[in-house]
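[1] I would like to see how this sequence folds:
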Amino acid sequence: MFGQKPSQGTLFKASQFLHEELPIRLAHRVKELEELPRNLNEMPSIVKVKNWYAQSFQDLIDLPPPQLSSAMRDRLKHASKNGDSRTLPPSVPNPSLRRSMKPNSLHPSVPIGHRYYTNIDEVDFPPEINEYTSTFVKTIEAIKRRHDPVVTTMAQGILEYKERLKSDLIDTDIQQFLDRFYMSRIGIRMLIGQHSALYRGPYRRKDYVGVICTKTNIREVALDAIANSRFICEDYYGLFKAPEVQMFCPGDIEFMYVPSHLNHMIFELLKNSLRAVVERFGTDYEDEYPPIKLVIAHGKEDITIKISDEGGGIPRSGIPLVWTYMYTTAEAQELEQDFNQSDFKAPMAGFGYGLPISRLVSLE
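    Numbers count the residues shown, from 1 in each chain. Below you'll find the predicted structure:
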């Protein structure tokens, strides 16, 4: 939004915005974790995740605001007014809405874009502003690292819950909670990652604006996901050579997207296909594995990625459950004691989180 080289003033205003926004989002998650039904909030791994969110909330609350002179505060306040804010590009009108509709009186008088996107002249800002922005970025980067193992830790908590209940399925209300929880997590990490990347922008490639790539090359992203998923497969099953993945892509297709999100979705789907093929044909027939096909189709209005394999598919009885958490055709996995560290190696399968979280990533 701010371009590849945002000004110090713009980064400062963005830091202030996130300094207010992130604690709110973290507090909502802590409250939800405390109020989980059926004693799920008592599971040790769930308590651990709640404590991470509470600690991150406290870190942001304890971070002091910059001490600015009255003149600088007036300057920043003046730049935040509508008349001095650069108008953001208008969105494409929604044809389903009547043009005669009046603005909702509940909407804030200042558009959300003007709360943190302001046209502040590039001048010599006091060192307090630069120090605050630097400290804030380091703080949110530490929070992001702390929350790296949240997904697998939550999965472990659900496993603990299922073992207590002696059941393989989870209730609808918990399913809905997990959807909200992980969607919020994706949003928080997107905000932190974007702000951190903008702050450290000079070190990124020229076609990146934060974590958003204006020319995301699907072929390159897919090749990276193929290499990573095959490596994980070879390591997990002790194979010399994982099943081949044949990619069909009509040239170099580029579009604006977050490459890490696209990589995650392709990677998770390929892991499923690789596991299905290996387990159907066995680990002693490496030279006879049928290839997995990854087809990329570029239409007039959309881009479609299709992954197909000969791993036997999903049982008909499991089709209604494929988008639910904890459903998996693989044997349930137990994590090691150090699974809460950010550099741990997660198992290839067994948690049933690949498809539902990939769907949430695609919606973000």
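
[2] Only C-alpha atoms from now on, for both contacts and neighbour counts.
    Fine.

[3] secondary structure class for F125?
    Taking DSSP: H, G, I helix; E, B strand; the rest coil as the rule, one finds F125 in the coil state.

[4] Show the contacting residues for it.
    Contacts of F125 were listed using C-alpha atoms under 8 Å, 6 or more residues apart in numbering, and they are Q8, G9.

[5] Distance of it relative to Q8?
    Plainly put, F125 is 8 Å away from Q8 if you go by C-alpha to C-alpha, to the nearest Å.

[6] Same check on D309?
    To Q8, D309 is 50 Å away according to C-alpha to C-alpha.

[7] same thing with L355?
    From L355 over to Q8 the distance is 40 Å, taken as C-alpha to C-alpha.

[8] just P44 next, same as before
    Computed as C-alpha to C-alpha, the P44 to Q8 distance reads 43 Å.

[9] These two - which one has more neighbours?
    Between P44 and Q8, counted using other C-alpha atoms under 10 Å, Q8 has the larger neighbour count: 19 against 16.

[10] Does that one touch Y132 like I think?
    No: with contact defined as C-alpha atoms under 8 Å, Q8 does not reach Y132; the gap is 11.0 Å.

[11] packing partners for the helix or strand harbouring P23?
    Using DSSP states H and E, P23 sits within helix 8-34. Taking 3 or more C-alpha pairs under 8 Å, 6 or more residues apart in numbering; DSSP states H and E as contact, the helices and strands that helix 8-34 lies on are helix 44-62, helix 113-116, helix 127-146, helix 172-199.

[12] how about it: buried residues?
    8-16, 18-19, 22-23, 25-27, 29-30, 33-34 (16 or more other C-alpha atoms under 10 Å).

[13] try stretch 247-254
    Buried residues in stretch 247-254, counted by 16+ other C-alpha under 10 Å: M247, C249, I253.

[14] cool, stretch 278-297 as well?
    Neighbour-count burial for stretch 278-297, with 16+ other C-alpha under 10 Å as criterion, is recorded at V278, F281, T283, E286, Y289, P290, P291, I292, K293, L294, V295, I296.

[15] Over to stretch 186-200?
    When neighbours are counted by 16+ other C-alpha under 10 Å, the buried residues of stretch 186-200 are found to be 186, 188-199.

[16] cool, stretch 357-364 as well?
    When neighbours are counted by 16+ other C-alpha under 10 Å, the buried residues of stretch 357-364 are found to be I357, S358, L360, V361.

[17] what about the last one, distance to P259?
    In this case it means V361. 12 Å.

[18] now swap in the first one and tell me
    Distance of I357 to P259, computed by C-alpha to C-alpha: 16 Å.

[19] Kindly report the same for the third one.
    The gap separating L360 from P259 is 15 Å, by C-alpha to C-alpha.

[20] again with Q8
    Using C-alpha to C-alpha, one obtains 26 Å as the distance from Q8 to P259.

[21] Please apply the same query to V150.
    V150 is 21 Å from P259, by C-alpha to C-alpha.

[22] higher neighbour count, those two?
    Counted by other C-alpha under 10 Å, V150 and P259 do not tie: V150 has more neighbours, with 23 against 19.

[23] Confirm for me that that one is in contact with K50.
    No: taking contacts as C-alpha under 8 Å, V150 lies outside contact range of K50: 9.7 Å.

[24] Can I get the buried residues of stretch 278-297 in CSV including secondary structure and pLDDT?
    Supplementary listing: these in CSV, determined by DSSP: H, G, I helix; E, B strand; the rest coil; pLDDT from 0 to 100:
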residue, secondary structure, pLDDT
V278, helix, 96
F281, helix, 95
T283, coil, 92
E286, helix, 87
Y289, coil, 96
P290, coil, 97
P291, coil, 97
I292, strand, 98
K293, strand, 98
L294, strand, 98
V295, strand, 98
I296, strand, 97
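
[25] ok, which pair from the residues you listed is furthest apart?
    For the buried residues of stretch 278-297, with distances taken as C-alpha to C-alpha, the pair at the greatest spread is T283 and I296 (28.9 Å).

[26] now V245, nearest residue through space, not along the chain?
    Nearest-residue entry for V245: I292, 4.6 Å, with adjacent residues in sequence omitted and distances by C-alpha to C-alpha, 6 or more residues apart in numbering.

[27] ignore the last one, F136
    Leaving aside its sequence neighbours, F136 sits nearest to S15 (C-alpha to C-alpha, 6+ apart; 6.9 Å).

[28] Same question for E286.
    Leaving out its chain neighbours, E286 is closest to K241 (C-alpha to C-alpha, 6+ apart), at 6.4 Å.

[29] Average pLDDT for stretch 185-203, rounded please.
    Within the predicted structure, the mean pLDDT of stretch 185-203 is 90.

[30] What residue spans form the domains of this structure?
    For the chain, automatic domain parsing gives the domain ranges 8-85+114-205, 212-363.
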